[in-house]
Structure formats: C-alpha cells, structure tokens
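Asks: okay, structure incoming, though there's no sequence with it:
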C-alpha cells in the first residue's frame, strides 16, 4: 500500500488562515504563532503538493489557481473536523450513540412526536436521526434501527410491523371555490399532486371506485409527502396522502377531504434492526419504547 499523502493539521490551519487573510503576519497573529512558523508550514505544504499555493507579489499574497482549489478542499476538511469534535463534546463517558434512519415525512409527523421522553428515560443513549428514503442504511452499517414503509421483508433484518395506513385526498378549502363535488371523477379536473414514492396511488384510488382517469398520472411530483402537504395547503392542488400524516391539518381546518373515499395502502410501516442486534441494549431500549407508545395509543383509541 502506497504511503498516504496526509499533511499535518497545523499545516492546513496555517494555509487556511493565510489564504483567508492573504497575509502570513495576520495568520500568525490569529494562530498565536510567529510569522516565520506560518511561512514554513505553508512552504512544507507546497513542497508536499508540488504546487505553489501563493504568489508573493510586492510583499502581498495572492492565491494561485491550485491554491484556490486546495483552499476549498481544506475548508471542507477543517469544517468536518470541527463538527466531529463538537459532536463528541455532547457525549458523556457512558453515552452510546443510537443511529436511526427514517423516511422524512414519517420522521417529522410520527416518529419525532413519539420520541418525546425517550431521552429522559434513557439519558445514556444519544439519538442520531437522519433521513433515508430506503432501508439500505441498515445493511450499510449507517443505522442501528430503521423505520420504513413496505412489505416487511428485509434479508438479515428483524422487521416489526408498527401499523398500516389508509390514504385520503386532501386540499385547501378555497381550491373548490365553495362547490361540493358530486362525483370522485371531478377531482381529476383539479391538479393532482403526485408522490415519487407511490406513482400509482392516484390511478389505484380512482380504479378502486370503478373510475378511470386519463389524468391520474399527471401533475407536479414531490419526493416526500411533507412537500405534497405543503403544496396542497398552499392551494396548488389535491394531494393523496396517508391519513395519519394529515390529521393535524384536518383537525385545524387547514385542509379538507374533498371526497370521502379512503384507500387502504398495500404496505405498512415497520421498524427494523439487524438480526444479530436483537439484544443490544440501546436497540432494545428503542424497540420497547416504540412498542409502549403504540400500546398506549391503542388503549386510548378503545376508551
């Protein structure tokens, strides 16, 4: 294996400061070094890279094209090191990081509200939550626990079904201009907001009612349901979304259901983790927490 070309952090800091100030003297003052020390670090960096990073013109510095290109890369490195260091500062000695991946709309509308109190119950577990459209993060080692929508089969993973869903059409009241629809086919006269993850949704919704619309695939397409909801609320058209995602807007009157037909989705929402991680304490803690949240909701719905 060839030797890595890895300059010292001191050299990168000296170069970045000098490039920002276009002055070795001001860079030295900022870094609490001597001017000659900064100059020496940059010279060693130039020797390693076999490129001049600065032009010295009349006692002033000017970045060379190579220097400007390298500065952009160095800024990325220093920013990442800074972020990683601050990241570690937030942990205690006993803290464990639990990496969680979730689809964006599900994360915002369902998962995050259901995590309230988890940190207080498990102060030694630091949640690191990120958006993922597909559950590949689990297999790639990017996540310990994944929440996803689908059929619940994933090689090498234990999948626990959380709940199914039904989708309903929603729009802003003003979109109908005060009229009441007499037939579901009249929705096709409006702009149908499409979901990238479920391109067949509108077609299946019309078909379930014995209707066929030539416009069921037409309309602006959005990556997430959250974006579709924003578009619907802004009066851009009609969105076909899971009812649980839009419960708040319906209750507050920000959106309405223009035609009362809900369609059961083919899939369900699942929680998944690697088979070998079933008894890992931090994973088990989240699995048990979510199970308790669902049980509490079921109890409330039956009372």
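Replies: Looks like it arrived, so ask away. From a predicted model like this one, the values you see are computed outputs, not experimental measurements. Numbers count the residues shown, from 1 in each chain.
Asks: now do the contacts for the residue nearest to residue 289 when sequence neighbours are not counted.
Replies: In this structure, residue 289 finds its nearest non-sequential neighbour in residue 118, 5.4 Å apart by CB to CB, 6 or more residues apart in numbering. Glycine gets a C-beta too; all of them are placed from N, C-alpha and C. Counting by CB atoms under 8 Å, 6 or more residues apart in numbering, residue 118 touches 125, 127, 286, 289.
Asks: for the third one, what are phi and psi?
Replies: Backbone geometry at residue 286, expressed as degrees, to the nearest 10, gives phi -70, psi -40.
Asks: mind listing what's buried in stretch 174-194?
Replies: Under the neighbour-count criterion of 16 or more other CB atoms under 10 Å, stretch 174-194 has 175, 176, 184, 187, 188, 190, 191, 192, 193, 194 buried.
Asks: which of these sits closest to residue 53?
Replies: residue 194 (49.6 Å; CB to CB).
Asks: contacts only, for the residue nearest to the closest one when sequence neighbours are not counted.
Replies: In this structure, residue 194 finds its nearest non-sequential neighbour in residue 221, 4.2 Å apart by CB to CB, 6+ apart. Neighbouring residues of residue 221 by CB under 8 Å, 6+ apart: 194, 195, 196, 199.
Asks: confidence score at residue 221?
Replies: For residue 221, the model assigns a pLDDT of 94.
Asks: coming back round to it: any idea which of the contacts of residue 118 is closest to residue 67?
Replies: residue 127 (41.0 Å).
Asks: tally of neighbours for the closest one?
Replies: For residue 127, the count of nearby residues is 16 (other CB atoms under 10 Å).
Asks: in the host helix or strand of residue 282, which residues are buried?
Replies: Using DSSP states H and E, residue 282 sits within helix 281-302. Neighbour counts using 16+ other CB under 10 Å place 282, 283, 285, 286, 287, 289, 290, 293, 294 of helix 281-302 among the buried residues.
Asks: coming back round to it: filter the contacts of residue 221 down to the buried ones.
Replies: Applying 16+ other CB under 10 Å to the contacts of residue 221, the neighbour count classes 194, 195 as buried.
Asks: can you flag which of the contacts of residue 221 belong to helices?
Replies: Assignment to helices by DSSP state H places none of the contacts of residue 221 there.
Asks: contacts only, for residue 216.
Replies: Contacts of residue 216 were listed using CB under 8 Å, 6+ apart, and they are 188, 192, 202, 203, 205, 206.
Asks: how far away is the most centrally placed residue in the chain from residue 157?
Replies: In the chain, the centroid-proximal residue (CA atoms, centre = their mean) is residue 131; its distance is 2.7 Å. To residue 157, residue 131 is 19 Å away according to CB to CB, to the nearest Å.
Asks: could you do residue 256 as well?
Replies: 39 Å.
Asks: of these two, who's got more company?
Replies: Per other CB under 10 Å, whichever of residue 256 and residue 157 has more neighbours is residue 157, with 19 against 16.
Asks: may I have the phi/psi pair for that one?
Replies: Residue 157 has phi and psi values of phi -130, psi 150 when expressed as degrees, to the nearest 10.
Asks: from residue 129, how far off is it?
Replies: 18 Å.
Asks: again, but for residue 15
Replies: Taking CB to CB, one finds residue 15 at 35 Å from residue 129.
Asks: just want to know which of these two has more residues nearby.
Replies: When neighbours are counted by other CB under 10 Å, residue 15 and residue 129 differ, and residue 15 comes out ahead with 25 against 16.
Asks: and that one, that one's in a strand?
Replies: No: checked against DSSP: H, G, I helix; E, B strand; the rest coil, residue 15 lies outside a strand; its state is helix.
Asks: I'd guessed it sits against residue 40; true?
Replies: No: using CB atoms under 8 Å, residue 15 is not in contact with residue 40; the gap is 11.7 Å.
Asks: next structured bit after the strand or helix carrying residue 85?
Replies: Under the criterion of DSSP H and E, residue 85 resides in helix 65-89. Later in the chain than helix 65-89, the nearest helix or strand by DSSP H and E is strand 96-102.
Asks: so what touches the next helix or strand after that next one?
Replies: Per DSSP H and E, the first helix or strand lying C-terminal to strand 96-102 is helix 104-106. Defining contact as CB under 8 Å, 6+ apart, one finds that helix 104-106 is touched by 131, 133, 147, 149, 223, 224, 225, 226, 229, 245, 269.
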